[in-house]
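J.: I'd like to go over a predicted model; first the sequence, then the structure.
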Amino acid sequence: MVDPELGDDIVDLGMVGAVEVSDDGDVHVEVALTIAGCPLRSQIERDVRGSLGAIPGVRSVDLSMAQMGAEQRAAVMDRARRKARERAPATAVPPRARVLAVASGKGGVGKSSVTVNLAAALARRGLTVGVLDADIGGFSVPRLLGMEGRLEARDGKMVPLERPVARGVLRVLSMGFLAEEDRAVMWRGLLLNRAVQQFLQDAHWGDLDYLLVDLPPGTGDIQMGLARMLPRTEMLLVTTPPLAAQRVAARAADMARRGYLRVAGVVENMSDFTCEHGTTYALFGSGGGQRLAAELGVPLVGRIPLHPRMAAAGDAGQPVALGGDELAAVFAELARAVADDVAPVVETSGCTARLLDALDAAGAARVGPGQEPAVPAEAAADR
Ligand SMILES: Nc1ncnc2c1ncn2[C@@H]1O[C@H](COP(=O)(O)OP(=O)(O)OP(=O)(O)O)[C@@H](O)[C@H]1O
Ligand SMILES: [Mg+2]
């Protein structure tokens with residue numbers, strides 16, 4: 001029997017405790033849930049009763065549902081994660097490279113901007129940083145890094161394009177580096193997921209300190225495929241300050257959990273805006289990143305201010321992280337926090353439903369009943 005949320009056998013996961021069978025075929029079984037209030041409880045209950053009841057000779061099924069303690073829950077997640085690693089195929093990403101995927105539940109929150117700037121800031125520290133543009137259909141990394149060119153193949157494998165940064169280097173793979181015809185070939189009959197698989201397996205990444213993955217918005221096939229191929233991936237969740245954004249980011253955290261990925265931390269983007277007179281405005285509200293991080297039990301690793309130069313730098317292909325101003329300092333600090341503070345990463349636990357309830361409660365307290373949090377329509381729309 002498979003846990004509907006964790007997607008693994010409940011016996012293997014260690015969720016089944018004592019089992020007693022009487023001579024008459026009366027079965028008593030204990031099932032421990034990862035958390036008590038899980039809405040999937042009744043489904044699990046029904047499935048266990050159904051499976052046992054279908055066994056010939058079973059007369060009755062008596063089920064007691066218990067709740068795991070924190071330790072037991074951590075052990076279950078560990079086991080699930082180990083199994084995922086055992087199942088993972090070989091990739092061309094060196095084992096010592098730390099893999100960080102930048103994710104969010106929805107579009108336009110600044111995943112790609114955070115990815116390229118964090119990559120640049122890490123490279124500035126003298127590191128070799130791979131950047132995998134996993135937004136196959138909507139790639140933006142080449143433009144943001146001001147890189148163009150065509151991927152070449154060596155021994156039948158793609159060679160990432162390089163951009164030196166101070167003592168470090170960026171190695172980048174993106175659909176944007178494939179000729180139109182090649183892209184068409186990749187598209188034809190291929191799942192998006194396959195393109196990412198090729199970027200991970202059929203590429204000369206060489207020796208990397210970090211691999212940063214710019215994910216498309218949402219929680220689809222590409223995300224789950226990455227989780228399957230590189231289960232050691234840690235997720236950095238990008239959110240914007242409003243409550244609605246946290247709710248979608250929480251969905252991305254749930255996806256991480258289903259793929260057994262760890263959430264390394266939360267980055268709040270488009271935080272306060274400081275005008276030229278030095279006055280700071282919390283245009284989209286404030287504290288959202290902190291609240292989400294607290295709900296997930298992970299650190300808030302950075303707060304990136306809303307700044308017109310972010311967009312201008314993106315258009316110019318010169319990441320702000322490579323400049324000398326306060327925005328560069330913000331990303332230098334983010335790189336430092338990711339490198340120094342975030343490992344070892346923190347476990348997330350609990351179901352999304354609970355998380356969303358908690359966020360709802362927080363939101364209700366903040367905006368009051370019947371009032372929607374002030375979210376720009378565009379930012380609130382799920383892509
Ligand atoms: N801190 C910021 N201040 C101002 N503009 C920003 C900031 N971060 C990102 N932007 C701008 O917001 C837009 C969306 O950013 P970006 O493309 O990085 O988001 P994304 O989450 O990758 O989007 P998508 O979901 O489409 O991939 C871009 O025009 C970018 O320049
Ligand atoms: Mg993007």
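T.: The structure has been received and is ready for your questions. Numbers count the residues shown, from 1 in each chain. Ligands and ions are numbered 1, 2, ... in the order given.

J.: show the contacting residues for the residue of the stretch 201-350 of the chain found nearest ligand 2.
T.: Nearest residue of the stretch 201-350 of the chain to ligand 2, counting by CB to the ion: residue 214, 5.8 Å away. All C-beta atoms are positioned from the backbone trio N, CA, C, and that covers glycine. By CB atoms under 8 Å, 6 or more residues apart in numbering, the contact list for residue 214 reads 102, 111-112, 115-116, 131-135, 140-141.

J.: can you tell me the closest non-neighbouring residue to it?
T.: Closest residue in space to residue 214, ignoring its immediate chain neighbours: residue 115 at 4.1 Å, by CB to CB, 6 or more residues apart in numbering.

J.: and residue 142, by the same measure?
T.: residue 176 (3.8 Å).

J.: need phi/psi at residue 236.
T.: Main-chain dihedrals, residue 236, degrees, to the nearest 10: phi -110, psi 120.

J.: wait, it touches residue 102, no?
T.: Yes. With contact defined as CB atoms under 8 Å, residue 236 and residue 102 form a contacting pair (5.0 Å).

J.: more neighbours: those two, which one.
T.: Neighbours were counted for residue 236 and for residue 102 using other CB atoms under 10 Å; residue 236 has more, 27 against 23.

J.: wasn't residue 249 part of a helix?
T.: Yes. Counting by DSSP: H, G, I helix; E, B strand; the rest coil, one finds residue 249 located in a helix.

J.: what's the neighbour count on it?
T.: Residue 249 has 30 neighbouring residues, counting by other CB under 10 Å.

J.: same deal with residue 100?
T.: 24.

J.: enumerate every residue touching the residue nearest to residue 214.
T.: 102, 131, 141, 212-214.

J.: go again using 10 Å as the cut-off
T.: 100-102, 131-135, 140-141, 144-145, 212-215, 236, 238, 319 (CB atoms under 10 Å, 6 or more residues apart in numbering).

J.: show me these that map onto helices.
T.: 141, 144 (DSSP state H).

J.: kindly state the beta-bridge partners for residue 300.
T.: On the basis of DSSP bridges, residue 300 is bridged to residue 266.

J.: find me the pLDDT at the residue in the stretch 1-150 of the chain positioned nearest to ligand 2, would you?
T.: Relative to ligand 2, the nearest point of the stretch 1-150 of the chain is residue 112 (3.2 Å; CB to the ion). Here the pLDDT value assigned to residue 112 is 97.

J.: which helix or strand contains it?
T.: helix 111-124 (DSSP states H and E).

J.: then residue 30?
T.: Counting by DSSP H and E, residue 30 is found in strand 26-33.

J.: list the contacts of the spatially most central residue of the chain.
T.: A centroid search over the chain (CA atoms, centre = their mean) returns residue 235, at 3.6 Å, as the residue closest to the centre. Listed by CB under 10 Å, 6+ apart, the contact partners of residue 235 are 99-104, 213, 215, 223, 226-227, 252-253, 255-257, 259, 261-266, 298, 345, 348.

J.: swap the cut-off to 6 Å and go again
T.: Taking CB atoms under 6 Å, 6 or more residues apart in numbering, we find residue 235 in contact with 101, 103, 256, 261, 263.

J.: tell me which parts of the stretch 201-350 of the chain are close to ligand 1?
T.: Applying CB under 6 Å from any ligand atom, one finds that the stretch 201-350 of the chain approaches ligand 1 through 217, 269-270, 304, 306-307, 310-311, 314.

J.: need the buried ones from those residues selected in PyMOL.
T.: Entered in PyMOL, the line below selects the buried ones among these, by 16 or more other CB atoms under 10 Å:
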select buried, resi 217+269+270+304+306+307+310+314
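
J.: most widely separated two among the residues of the stretch 201-350 of the chain next to ligand 1?
T.: 217 and 307 (21.6 Å; CB to CB).
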